[in-house]
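# Got a predicted structure plus its sequence, pasted below:
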Amino acid sequence: MSAELDWVAKATGAKSARRGERIQSLWSGYGELFRVELTGADVESVVVKSVQPPARLRGGKKDASHARKCRSYDVETTWYRTLAARCDDACRVPRLVEARGSKEEWLIVLEDIDAAGFPERRRDPGPGGMDACLRWLAAFHARFLGVAPEGLWKQGTYWHLATRQEELAVIEDPELRSAAPLLDKKLRACVFQTLVHGDAKPANFCFARGGSSVAAVDFQYVGGGCGMKDVAYLLSDEPGEERWLDVYFGHLRSALAAHVDREAVEREWRALYPIARADYHRFLAGWAKEHWRCDTHAQRLTRDVLRAL
């Protein structure tokens, strides 16, 4: 740890760096997120994402899950190095201080987004918070409309079909299982491609006091795709999703550049929204079977999409 802190101090120009609070562990024991307090730097603190796969997985043959996770940290490092600086206050993200990475270890030093004015976390965003999250997504999708996902996931989101063959194989509903490639094909055929965050849940939004604006974190699954993937995921458990979809498109129309055909984008993406919902439900049907069996609303929505196909 002392070597890591020395490296952070050098990266930030600090005289010294001291480990502060542990913010959280990373999924499946792959590391942790913690705050580092600085002396003699331009800022008082930074946040470090330290990734080291569990010892039992290092150096051996990678299964699909482990390979996906390692790829996700390569993607996140690339995102911060190459594209994150394009985000402005409308789609705020932490600024990169420094990063290093290999096949077995990644260290990403980021702006402390709490200190930057986004200290609140919310399990339930509430109406104002949901509006802020949708406004962020609209600004993000507008900013990266037509941008190629170089170095990122070719298809963003952590549930896209190419990386979830194990989950596909155990889906109990034969109609949904057989329709999965068609759902995926329709989303990949989207004309107005953008970058998607890939894990746009409330836990990955940091709220300003009062919830009027947000910053987003956790870009492990950022990549190419239709913006509806993010919106369908965020609204998957939200009552009144049609109303919120209208809110999103209102923000999107305002955020899109003047030369973009706003009506064409909205027309295509609205038609793909139920496809994106069904695609996410396809993942849940294989990954969280008990949840899927109990979610009659999601089953009904998915069945409607399959009939339409």
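The structure has been received and is ready for your questions. All figures in this text were calculated on a predicted structure; none of them were measured in a lab.
# domains of this structure?
2-111, 126-308 (automatic domain parsing).
# Is the most centrally placed residue in the chain in a helix, a strand, or coil?
The residue lying closest to the centre of the chain (C-alpha atoms, centre = their mean) is residue 199, at 2.9 Å. Look at residue 199: counting by DSSP: H, G, I helix; E, B strand; the rest coil, its state is coil.
# Show me how far stretch 187-200 is from its chain's centre.
12 Å (C-alpha atoms, centre = their mean, to the nearest Å).
# and the domains of the chain, which one is worst for confidence?
The minimum mean pLDDT among the domains of the chain belongs to domain 2-111 (a mean of 91).
# As a check, name the ranges of all strands in the protein.
Remark: strands assigned in the chain by DSSP state E are 16-25, 31-39, 45-51, 96-101, 106-111, 194-196, 205-207, 214-216, 223-225.
# Pipe those strands into JSON lines and attach mean neighbour count per row.
Every C-beta, even on glycine, is put in place using the N, C-alpha and C of the backbone. Below are the strands of the chain laid out as JSON lines (neighbours: other C-beta atoms under 10 Å):
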{"stretch": "strand 16-25", "mean neighbour count": "14"}
{"stretch": "strand 31-39", "mean neighbour count": "18"}
{"stretch": "strand 45-51", "mean neighbour count": "22"}
{"stretch": "strand 96-101", "mean neighbour count": "17"}
{"stretch": "strand 106-111", "mean neighbour count": "21"}
{"stretch": "strand 194-196", "mean neighbour count": "27"}
{"stretch": "strand 205-207", "mean neighbour count": "24"}
{"stretch": "strand 214-216", "mean neighbour count": "24"}
{"stretch": "strand 223-225", "mean neighbour count": "25"}
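# Please produce JSON lines containing those, extended by distance to residue 234.
Formatted as JSON lines, the strands of the chain follow (distance: least, C-beta to C-beta, whole Å):
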{"stretch": "strand 16-25", "distance to residue 234": "20"}
{"stretch": "strand 31-39", "distance to residue 234": "22"}
{"stretch": "strand 45-51", "distance to residue 234": "22"}
{"stretch": "strand 96-101", "distance to residue 234": "25"}
{"stretch": "strand 106-111", "distance to residue 234": "22"}
{"stretch": "strand 194-196", "distance to residue 234": "11"}
{"stretch": "strand 205-207", "distance to residue 234": "9"}
{"stretch": "strand 214-216", "distance to residue 234": "11"}
{"stretch": "strand 223-225", "distance to residue 234": "14"}
